[in-house]
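Novice: output the structure for:
(one chain, ligands or ions: 1)
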Amino acid sequence: MLFLLTSLAYANLPSQAEVVMADVFSRQATSLNGQWHVIVDPYDTGYFDYRRQPYDEAAKITGGYAPDLQAKDKTDLIEYNFETSPTLKVPGDWNSQDSKLFYYEGSVWYRTKFDVKETGPDRRWFLYFGAANYEADVYVNGTKLGKHIGGFTPFAYEITGLTRSQGNSLVVRVNNNRHPEAVPTVNTDWWNYGGLTRDVLLVETPATYIANFCVRLKPGTTNTIEARVQLDGPERQQPVKINFPALKLAAELTPNGEGLAQGELAATDLRLWSPEHPLLNNVEISAGTDTLKDRVGFRTIAARGRDILLNGRKVFLRGICIHEENPLRGARAWSEEDARLLLNWARDLGCNFVRLAHYPHNEHMARLADEMGIMCWEEIPVYWTIQWTNPATAANAKQQLADLIARDQNRASVVVWSVANETPVSDARTAFLKSLVDEARSLDGSRLISAAMEVHADTNDPARKIVDDPFGQYTDLCSFNEYTGWYDGLPEKIDRISWSVKYDKPVVISEFGADAKQDMHGDTETRFSEEYQAEVYRRTLPMLERIPGFSGCTPWILCDFRSPRRQLPGVQNGWNLKGVISRQGRKKMAFAVLKNYYNEKAKADAAQ
Ligand code: GCB
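Specialist: Take a look at the predicted model:
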């Protein structure tokens with residue numbers, strides 16, 4: 001099932017038995033979303049025997065919860081029963097569904113049943129998981145399919161030959177323990193939601209199927225579409241057809257021995273995608289009886305000197321950061337409706353850009369952003385202090401990056417891959433991040449690469465801010481977080497800041513902000529008041545305008561979000577309050593300050 005390719009975005013090598021199954025929403029698939037039976041397992045009793053040996057290392061798994069057994073008669077000793085266990089909704093985090101699981105970190109076993117109607121030599125079946133945080137062990141009818149590590153990227157397993165027509169057992173152990181060597185590591189400023197947090201799908205394909213494809217403008221052109229299609233299966237050298245019906249463009253490509261088909265389509269007068277005109281084109285890719293239907297936009301994005309150019313035209317990124325959380329539910333966001341809620345708020349703010357912090361968000365976000373005309377910065381959870389010298393940590397981060405790129409490479413809205421956030425400068429860290437940049441460039445040279453870096457103050461002059469992180473030499477954007485007026489002084493300090501930025505690159509301020517509790521009022525020096533937060537915005541925006549190359553910003557953050565680090569009773573109560581929108585969905589005073597600024601910027605951009 002593994003195939004080796006080197007320079008392509010979909011050449012992400014799946015771990016263990018994982019298979020590449022991209023663009024799954026363009027396929028006929030059966031949703032396995034719904035109520036699943038669950039067993040909460042704080043001691044991992046379903047996974048390890050009493051000598052702490054994993055049951056699933058045996059050739060045939062007989063113990064633990066994976067076999068999904070029930071006592072056959074009164075003499076049988078089975079100390080669990082999925083059938084009579086409670087249920088949780090999938091997709092969904094467990095923390096927000098059961099108050100006993102609010103702070104829970106550990107294992108929960110999920111079980112559902114599914115049918116597989118048609119089998120035969122020309123049929124293949126797969127299970128696809130949008131994400132499970134953080135680690136998932138997957139079993140079908142008692143057979144282990146694999147272990148997936150990483151809480152925010154999709155994975156799939158083939159189950160052909162392992163099923164019967166009805167009542168197949170699908171058991172998944174999801175564990176969200178934090179680990180020092182993991183990505184992210186133990187320390188973050190967001191909620192460690194556990195569970196099967198995204199769609200679960202049963203996918204049927206012919207024996208040879210389209211594992212992934214990429215259609216985009218050939219770099220440096222606006223009249224040539226470059227197409228690459230990866231087939232998997234016995235007929236992997238059969239012709240591949242690409243058709244853009246409305247553009248009246250079609251091509252037939254012949255794959256090489258590895259099933260990789262590549263080609264170019266000449267396209268004159270192609271209308272390009274932009275926030276003002278988010279034009280998407282229907283595309284059909286087919287090979288044998290397998291067909292994918294998607295909608296894709298074409299655009300160029302580049303950094304030239306200190307400017308960002310979208311379709312060759314200078315653009316200012318009117319952005320906002322977003323966590324993958326629906327604040328009204330205080331839960332992980334996962335659905336198209338959740339995406340619409342968040343992106344509509346961003347649009348209401350006047351944004352043409354969002355930073356999807358700090359990990360890959362669900363696929364609906366970028367798909368909807370494509371439709372709505374909102375550019376995206378996508379990121380992997382290399383956050384704060386990762387184990388920079390641990391090769392397994394590096395491999396994990398690289399895999400998450402490759403999986404994200406493989407998933408979203410056809411989304412015109414995605415213009416930035418970000419490899420990290422606020423990582424402490426050291427040689428080991430810079431080498432680690434540089435290898436991620438190299439990986440991103442080799443998989444996808446058509447987008448900007450960035451990371452949210454940090455700023456430090458001149459030791460002789462605390463109001464002189466210096467950006468000279470050596471990692472900045474490797475990125476296309478010079479992006480950094482800065483919190484003058486909140487973690488550094490009071491709002492009045494903001495006016496006195498001067499800048500020394502080492503890089504002649506477009507500067508995109510990836511974060512600034514302040515906490516405000518909705519409806520708490522005071523003067524502009526009263527911490528947590530809406531006035532304080534609005535004042536930070538009022539003073540910061542003109543201060544940023546003084547940075548040479550200032551090309552956009554994504555203030556922190558659209559909505560208040562849950563964080564166990566934020567404990568001030570009566571004020572934070574477990575919420576980071578830097579949202580310009582509260583958990584009641586109400587806009588704070590700072591919202592209007594930012595919106596006015598973005599309106600002016602949009603007018604200036606249009607007048608260019
Ligand atoms: C940051 C982090 C972000 C935090 C934010 C804060 O710099 O990147 O994850 O939530 O500051 O509120 O302190």
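Novice: contact partners for the nearest residue to residue 154 once chain neighbours are set aside?
Specialist: What sits nearest to residue 154 in space, not counting adjacent residues and going by CB to CB, 6 or more residues apart in numbering, is residue 130, at 5.4 Å. Using the backbone N, CA and C atoms, a C-beta is placed for each residue, glycine as well. Listed by CB atoms under 8 Å, 6 or more residues apart in numbering, the contact partners of residue 130 are 91, 154, 197-200, 334, 362-363.
Novice: ditto for residue 607
Specialist: Residue 607 neighbours (CB under 8 Å, 6+ apart): none.
Novice: count of neighbours near the residue in the stretch 101-250 of the chain positioned nearest to the ligand?
Specialist: Going by CB to the nearest ligand atom, the ligand is nearest to residue 189 of the stretch 101-250 of the chain, at 3.7 Å. Applying other CB atoms under 10 Å, we find 18 residues neighbouring residue 189.
Novice: mind checking how far it is from residue 565?
Specialist: Plainly put, residue 189 is 5 Å away from residue 565 if you go by CB to CB, to the nearest Å.
Novice: anything in contact with each of these two?
Specialist: Common neighbours of residue 189 and residue 565, using CB under 8 Å, 6+ apart, are residue 576.
Novice: now do the SS call for the closest residue to residue 136 other than its chain neighbours.
Specialist: Among residues not flanking residue 136 along the chain, residue 148 sits closest, at 4.7 Å (CB to CB, 6+ apart). Using DSSP: H, G, I helix; E, B strand; the rest coil, the secondary structure recorded for residue 148 is strand.
Novice: wait, the residue of the stretch 101-250 of the chain closest to the ligand touches residue 562, no?
Specialist: No. In this structure, residue 189 is not within contact of residue 562 by CB atoms under 8 Å, at 10.2 Å.
Novice: which stretches in the chain count as helices?
Specialist: When secondary structure is read from DSSP state H, the chain shows helices at 336-348, 363-372, 391-408, 427-443, 491-494, 530-545, 589-607.
Novice: could those helices go into TSV alongside mean pLDDT and distance to the ligand?
Specialist: Converted to TSV, the helices of the chain look like this (pLDDT from 0 to 100; distance: least, CB to the nearest ligand atom, whole Å):
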stretch	mean pLDDT	distance to the ligand
helix 336-348	98	16
helix 363-372	98	18
helix 391-408	98	17
helix 427-443	98	15
helix 491-494	98	16
helix 530-545	98	12
helix 589-607	96	14
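Novice: contacting residues around the residue of the stretch 101-250 of the chain closest to the ligand?
Specialist: With CB under 8 Å, 6+ apart, residue 189 has these contacts: 563, 565-566, 576.
Novice: picking that back up, what's the overlap in contacts for residue 189 and residue 562?
Specialist: Joint contacts of residue 189 and residue 562 (CB under 8 Å, 6+ apart) are residue 576.
Novice: what is the neighbour count of the residue of the stretch 401-550 of the chain found nearest the ligand?
Specialist: With CB to the nearest ligand atom as the measure, residue 481 is the residue of the stretch 401-550 of the chain nearest to the ligand, at 4.5 Å. Applying other CB under 10 Å, we find 19 residues neighbouring residue 481.
Novice: let me have the helices of the chain in JSON lines, adding distance to residue 276 as columns.
Specialist: Converted to JSON lines, the helices of the chain look like this (distance: least, CB to CB, whole Å):
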{"stretch": "helix 336-348", "distance to residue 276": "13"}
{"stretch": "helix 363-372", "distance to residue 276": "12"}
{"stretch": "helix 391-408", "distance to residue 276": "22"}
{"stretch": "helix 427-443", "distance to residue 276": "28"}
{"stretch": "helix 491-494", "distance to residue 276": "32"}
{"stretch": "helix 530-545", "distance to residue 276": "23"}
{"stretch": "helix 589-607", "distance to residue 276": "8"}
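Novice: of all these, which one is nearest residue 209?
Specialist: When the helices of the chain are compared by CB to CB, helix 391-408 sits nearest residue 209, at 15.3 Å.
Novice: pull the distance from the closest one to the chain's centre.
Specialist: 11 Å (CA atoms, centre = their mean, to the nearest Å).
Novice: what residues does the protein have near the ligand?
Specialist: 189, 358, 421-422, 481, 511, 556, 576, 578 (CB under 6 Å from any ligand atom).
Novice: how close does whatever residue of the stretch 251-400 of the chain ends up closest to the ligand sit to residue 325?
Specialist: Here the stretch 251-400 of the chain gets closest to the ligand at one residue, residue 358, 5.8 Å apart by CB to the nearest ligand atom. Noted for residue 358: a distance of 12 Å to residue 325, by CB to CB.
Novice: out of those two, which sits in the busier spot?
Specialist: It is residue 325, of residue 358 and residue 325, that has more neighbours when counted by other CB under 10 Å, with 28 against 25.
Novice: so what's the more buried one up against?
Specialist: 190-191, 331-333, 559, 561-562.
Novice: I'd like the residues you listed as a markdown table, with pLDDT appended.
Specialist: Shown next, in a markdown table, are those (pLDDT from 0 to 100):
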| residue | pLDDT |
| --- | --- |
| 190 | 98 |
| 191 | 98 |
| 331 | 98 |
| 332 | 98 |
| 333 | 98 |
| 559 | 99 |
| 561 | 98 |
| 562 | 98 |
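Novice: out of the residues you listed, which is most surrounded?
Specialist: Neighbour max across the contacts of residue 325 (other CB under 10 Å) = residue 332, 27 neighbours.
Novice: residue 359 versus that one, what's the distance?
Specialist: Distance, residue 332 to residue 359, using CB to CB: 11 Å.
Novice: intersection of neighbour lists for those two?
Specialist: Residues touching both residue 332 and residue 359 (CB under 8 Å, 6+ apart): residue 324.
Novice: filter the contacts of residue 189 to the buried ones?
Specialist: For the contacts of residue 189, a neighbour count by 16 or more other CB atoms under 10 Å gives the buried set as 563, 566, 576.
Novice: in this protein, which ranges drop under the pLDDT threshold?
Specialist: Low-confidence segments of the chain (pLDDT under 70): 1-16.
Novice: pull the contacting residues for residue 381.
Specialist: By CB under 8 Å, 6+ apart, residue 381 lies in contact with 151-152, 183-184, 188, 358-359, 400.
Novice: show me which pair in those is furthest apart.
Specialist: Greatest spacing in the contacts of residue 381, by CB to CB: 188 and 400 (14.7 Å).
Novice: between the two, which one's more packed in?
Specialist: Neighbours per residue (other CB under 10 Å) separate residue 188 from residue 400, with residue 400 holding more: 24 against 18.
Novice: show me the contacts for the more buried one.
Specialist: So, once contact is read as CB under 8 Å, 6+ apart, residue 400 ends up touching 150, 152-153, 183, 360, 380-381.
Novice: over to residue 56?
Specialist: When contacts are counted by CB under 8 Å, 6+ apart, residue 56 touches 47, 64, 66, 137, 139, 144.
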